[in-house]
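Peer 1: Make a model of this:
(chains A, B, C and D)
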Protein chains: 4
Amino acid sequence: MSHNTFGHLFRVTTWGESHGAAIGCVVDGCPPNLPLDEAYVQGFLDKRKPGTSRFVTQRKEPDEVRILSGVFADDRTDGQVTTGTPISMMIENVDQRSKDYSEIRDRYRPGHADYAYDQKYGIRDYRGGGRSSARETAMRVAAGAVARRVLGDGITIRGAVIQIGPHMIDPENWDWDETGNNPFWCPDAKTAAQWEDFLDETRKAGSSAGAIVEVHASGVPAGWGAPIYGKLDSELASAMMSINAAKGVEIGAGFAAASYSGEENADEMRMGNEGVRFLSNNNGGVAGGISTGQDVVVRVAIKPTSSILSQTRSVTRDGDEVDVRTKGRHDPCVGIRAVPVAEAMMACVLADAKLRHRGQMG
Amino acid sequence: MSHNTFGHLFRVTTWGESHGAAIGCVVDGCPPNLPLDEAYVQGFLDKRKPGTSRFVTQRKEPDEVRILSGVFADDRTDGQVTTGTPISMMIENVDQRSKDYSEIRDRYRPGHADYAYDQKYGIRDYRGGGRSSARETAMRVAAGAVARRVLGDGITIRGAVIQIGPHMIDPENWDWDETGNNPFWCPDAKTAAQWEDFLDETRKAGSSAGAIVEVHASGVPAGWGAPIYGKLDSELASAMMSINAAKGVEIGAGFAAASYSGEENADEMRMGNEGVRFLSNNNGGVAGGISTGQDVVVRVAIKPTSSILSQTRSVTRDGDEVDVRTKGRHDPCVGIRAVPVAEAMMACVLADAKLRHRGQMG
Amino acid sequence: MSHNTFGHLFRVTTWGESHGAAIGCVVDGCPPNLPLDEAYVQGFLDKRKPGTSRFVTQRKEPDEVRILSGVFADDRTDGQVTTGTPISMMIENVDQRSKDYSEIRDRYRPGHADYAYDQKYGIRDYRGGGRSSARETAMRVAAGAVARRVLGDGITIRGAVIQIGPHMIDPENWDWDETGNNPFWCPDAKTAAQWEDFLDETRKAGSSAGAIVEVHASGVPAGWGAPIYGKLDSELASAMMSINAAKGVEIGAGFAAASYSGEENADEMRMGNEGVRFLSNNNGGVAGGISTGQDVVVRVAIKPTSSILSQTRSVTRDGDEVDVRTKGRHDPCVGIRAVPVAEAMMACVLADAKLRHRGQMG
Amino acid sequence: MSHNTFGHLFRVTTWGESHGAAIGCVVDGCPPNLPLDEAYVQGFLDKRKPGTSRFVTQRKEPDEVRILSGVFADDRTDGQVTTGTPISMMIENVDQRSKDYSEIRDRYRPGHADYAYDQKYGIRDYRGGGRSSARETAMRVAAGAVARRVLGDGITIRGAVIQIGPHMIDPENWDWDETGNNPFWCPDAKTAAQWEDFLDETRKAGSSAGAIVEVHASGVPAGWGAPIYGKLDSELASAMMSINAAKGVEIGAGFAAASYSGEENADEMRMGNEGVRFLSNNNGGVAGGISTGQDVVVRVAIKPTSSILSQTRSVTRDGDEVDVRTKGRHDPCVGIRAVPVAEAMMACVLADAKLRHRGQMG
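Peer 2: Reported below is the predicted structural model:
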């Protein structure tokens, strides 16, 4: 991970500001001859798109992706495929309301990156959050679509929201199919109904709510990852923590493991029909930094959107205290739209792990 | 982070197995003219040393470090100082009981990396955990000692255990001075007494307990870190998650932020006598991936040691089911000795961030 | 250097194929508040542009660059400046003659990358050379323009062609001003006249000629670079060798040093009015991998363009022997247009060295 | 390449000063189950060892290597093999004459790195050249021995000296077997005799001579390497230029290609019994940065040793002009001992290319 690039063999670089000309990414190191066209990538982007329900921002970002390089089609290829050269993708910014940003250019919104950016760079593109805007995550989703091609059909990556505000799902009710039936990626129909009320209130109050996102990857073979500083869980931790508003990452039992005894926590093994099977998955599919063949399970804590309508007090660049009220069309719970982003990060980390593993192991 | 190396400008590479000839590290990119000798590094290693109380492993690892390169002293230097070239440090392995390891070489201990390593490499040094042994963390502590020199006296890094098993400290009682008064790095005297009983029971039962470690870095100036994939919290997440037995990392309010409202979570700013001050630190000293000048606050969940005396059932390399009982001198709560390790990882990440920041910003 | 990215703190990623939608680059790690707009970058691109004389390709590539991110202007900035976030630049491909490429898609042109790409990837975008086209070097020039801003006015980077085919310049006649007076970047007016005749003949014969390019960087302070694998000359070697058609790189006296005695080769030092001065520069401004304050001097050997009109014999993808004649509008001496590219690579390597140096040294 | 580390998947980090306690390296990313013991590595080190003839330094460096990690042997392995974890190797420094270095600690020897190091770091270990000593190259040879195991028996890497001072071999006389029959790695018996006289004179005069080393790798399959900044020749260029005293690198025809016409330079292809064959190898086995299946051919120019007995004039740290005479036991032609080093760098670059290739391509 290096500023705006992550990955080792499967490498993703993103660029662009919220209100600049465009945002984009370059995916380098992708194997050749994988099917890849714009419609396929767009399918994933549409899952993250704003405006799909009243619980996400009402900004209109059509987010139409263009693939500018790294793919090829002629009468011998089976549609458009990757060539092994860098894949450049771009989305032009179109819904940039040309409003007056002079108010926020000098005011540091609490919880935002405004102050930290100014302290570092002495300058920032303050329009819509600039580089720190969650708009950047669209390119992660695009890169993740490529990563899924690298992983192939044998690996399934699925995400869900398991908590919004103080309301957690009941794990007993978990049904992956349910995540498509509500606007929250909620796997528990009963909790989804509760969230609807809770978020309506939150929205009306001009407030916002945090969330926890959980992502599973099934079908990952044992052996991916590497010891010590290349641990698969370490890579996942940095990838997930790099998502906007993420404040925590855990693998498998995570923080709950702190209160377990060694007996409770150990994932015992038995011989099954298809080799080793585990009686539990507290390790979240990773032991010693290497995948065990179980589902890789990651959870990410997403803090409430800092952009809230209710007035707060803050300071200006010049050191004056002022009132700040963030107008605009914001997500009441940014954690919802983080689901496809966290899925994409899982896909990218696993694609990189796959390539690195076969690099060393053949 | 790349297999056995982490960092960008301040880079640490470690090597060695638990029962090989030695363990060691190479610290590259360190600025010159910083005081560094063995006694100084040894001081940090002694904090992590086994055998200091009945609550940690009784193995005898004198852990005497040698500095083999990258330092110089003559009559013009103020003692021994760094030269800017790679610093190689080594600890010879001396307490390797030459026992028969044939039993565990084929049995996969539940919760351990045994199975994953074999699935990846088809071979492993099974003596004492080999490369996956927590013995490797001694070299992180040595590297962290160098990193503290890079950071200088203005930055203070301190760690504490805040939970052992189900018993959490009372934050109201937090007293940093207290961490030196008990064998748990516990900042709450009352809870320390409770842990003593709890761990005595755990130890007698041949069981083990998980823990949560919290590390603070004070004095970090605003501006370190970088957007997107070079976020300071993202770097911290991978560094902390790479520690043996770590299963979760959170920054600031962390997972608790998921249940907060935007108002509760926002760290409001006011003007203080020495510039901006914040009314809270839910962001844990990092916003948009860049330090804010507040304390950088990280918590790490450490699972209970997988090596337990009570018998469990598992499988062998050849696919037979067997009983496994891990004999040996193990930590009842490996989280305790993780404190100096987590401090060291914080120091290394910050030293790297400092150098990268001044690289870009001058 | 990693596939399509080079640099450590000042990092350049390029993407795009000769006949795809566009080519582009992302420059990451650039310090903020440096003036940067399209007109400035375009000035450097125009030096590399095809069609400027009859000695370079007659393809029309307007090469109009757009800066898509990483810059900002408002009423407080002094024009448009960098923000410290990734700078994305793009040139749309417009002169793509939609001709039938079916002939060369199966024929491996001698000296070209056709065969190697097919052996590696099993697929390639064969239109106009695809990713292996020298068109990619336009983005190096754009990145080099940014790098010059990082270096500032105190450092001057200038390139020249010193040999075309068997005809070398007379170093006695070297005059930097002369490089602007002929279409060859030739610093020796007399030799330039000779080259004119030689290249006219080459062109008429449908042949091509090799060349040697020399680049000087003046004003580089002593101390940049680093020992061993981060040597400044090592970085320059990989940067220069990555230029299309480059087959050799030398620093200072280079290969000639092999025939020198130790006395002849040593660059003796004396005290001058402004500190140390050297009596010669056989080291090319780099000793032990670190700059000495002398001019950094690099030479690059550029092989003759492989695309020649005269017919040669080769093989097809299917293993048949065939005649190959490369039609199209090619450079009779691609070394000429390599001058701004080699200058740009020098600028990028030095900008990276500058940032890394101050990262470690403050 | 990053300061003291090079390689991407097969990574080598070296450390140590000439007169410190020891020198060493860490080889990371090596595949498991490759045979590796000290005797095997020592065989390569002995080729580089000082004192083997009167034409190399008479210092006594037994250079006995110890392998400290990353290998394992038990009754099931076929001797000692790699485990996939980092391989640490170390050579203790034993022939450090404890003499008074006070004279050279303040005098900058012409052509040496003394001045540049002091300008960068403000401090250096001046004993025997410290980190800039060619002693570091012993660890490259050790790492190269591991790399050869990664490449396997199908790939042969051989080096030769082809020029010493002004005396070049006659390529017509090239006989690889001859390189073992003289103390120069000279493939031309006739020239070897000439060099003997020339170097005897050089040695007696207290002078030194430059050299050119050529390395061939046979058996490299087509397809290794990658476009643009991951070009195989680009990687080779930086690897070779990082060797002490290297001032030039060329691939295939190299600088000679500058004077060729396109027809002369093109490596025409024909169909042979075992697939494509080439009529020439001006490309040196690399096209577009990717191996073609021909021999990979690299040449490195090595400048004459800067340490010469004859007196020169230079400056001190304090800015005074002084006489300098480098006493000690130096190589009259350091290029001779560079042969096993250049072979090792070739092996390391190819091993890395092999792993990266199969990472991306499977």
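
Peer 1: hey, let's count contacts and neighbours off CA atoms from now on
Peer 2: Noted.

Peer 1: Break down the stretch 201-350 of chain A into its strands, ranges please.
Peer 2: Using DSSP state E, counting those that start in this stretch, the strands found in the stretch 201-350 of chain A span residues A:211-218, A:246-251, A:269-272, A:275-278, A:286-287, A:290-291, A:296-302, A:312-315, A:321-324.

Peer 1: any idea which of those strands is most buried?
Peer 2: Neighbour counts (mean count of other CA atoms under 10 Å in any protein chain shown) averaged over each of these peak at strand A:246-251, with a mean of 31.

Peer 1: hmm, stretch A:122-129 in reach of chain B?
Peer 2: No - applying CA under 8 Å from any CA of the partner chain, one finds stretch A:122-129 out of contact with chain B, separated by at least 9.8 Å.

Peer 1: near chain C at all, that stretch?
Peer 2: Yes - under the criterion of CA under 8 Å from any CA, chain C is reached by stretch A:122-129 at A:122-125.

Peer 1: re earlier: what would the strands of the stretch 201-350 of chain A look like in JSON lines with distance to chain B?
Peer 2: Shown next, in JSON lines, are the strands of the stretch 201-350 of chain A (distance: least, CA to the nearest CA, whole Å):
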{"stretch": "strand A:211-218", "distance to chain B": "4"}
{"stretch": "strand A:246-251", "distance to chain B": "4"}
{"stretch": "strand A:269-272", "distance to chain B": "5"}
{"stretch": "strand A:275-278", "distance to chain B": "7"}
{"stretch": "strand A:286-287", "distance to chain B": "5"}
{"stretch": "strand A:290-291", "distance to chain B": "6"}
{"stretch": "strand A:296-302", "distance to chain B": "5"}
{"stretch": "strand A:312-315", "distance to chain B": "5"}
{"stretch": "strand A:321-324", "distance to chain B": "6"}
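
Peer 1: Out of these, which is closest to residue D:105?
Peer 2: Smallest distance to residue D:105 across the strands of the stretch 201-350 of chain A (CA to CA): 49.6 Å, for strand A:290-291.

Peer 1: I'd like the average pLDDT over the closest one.
Peer 2: Mean per-residue pLDDT for strand A:290-291: 98.

Peer 1: picking up where we left off before, can you select the buried ones among the residues of stretch A:122-129 next to chain C for me in ChimeraX?
Peer 2: In ChimeraX syntax, the buried subset of the residues of stretch A:122-129 next to chain C is picked out as below (16 or more other CA atoms under 10 Å in any protein chain shown):
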select /A:123,124,125
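
Peer 1: Among the residues of stretch A:122-129 next to chain C, which ones are in helices?
Peer 2: With helices defined by DSSP state H, no entry of those lies inside them.

Peer 1: Check the residues of stretch A:122-129 next to chain C against chain B and report the nearest one.
Peer 2: The closest of those to chain B turns out to be residue A:122 (CA to the nearest CA; 9.8 Å).

Peer 1: Which pLDDT value does the model give the closest one?
Peer 2: Reported pLDDT for residue A:122: 94.

Peer 1: And for residue A:327?
Peer 2: For residue A:327, the predicted pLDDT is 70.

Peer 1: That one contacts residue A:309, correct?
Peer 2: Yes - at 6.0 Å, residue A:327 counts as touching residue A:309 under the criterion of CA atoms under 8 Å.

Peer 1: between those two, who's got more neighbours?
Peer 2: Using other CA atoms under 10 Å in any protein chain shown as the criterion, residue A:327 and residue A:309 rank with residue A:309 on top: 21 against 12.

Peer 1: can you pull the contacts of that one?
Peer 2: By CA atoms under 8 Å, 6 or more residues apart in numbering or on different chains, the contact list for residue A:309 reads A:206-207, A:325-327.

Peer 1: interface residues of the stretch 1-150 of chain A facing chain C?
Peer 2: Residues of the stretch 1-150 of chain A found near chain C (CA under 8 Å from any CA) are A:3-4, A:14-17, A:20-23, A:26, A:28-29, A:32-33, A:68-72, A:83-88, A:121-125, A:131.
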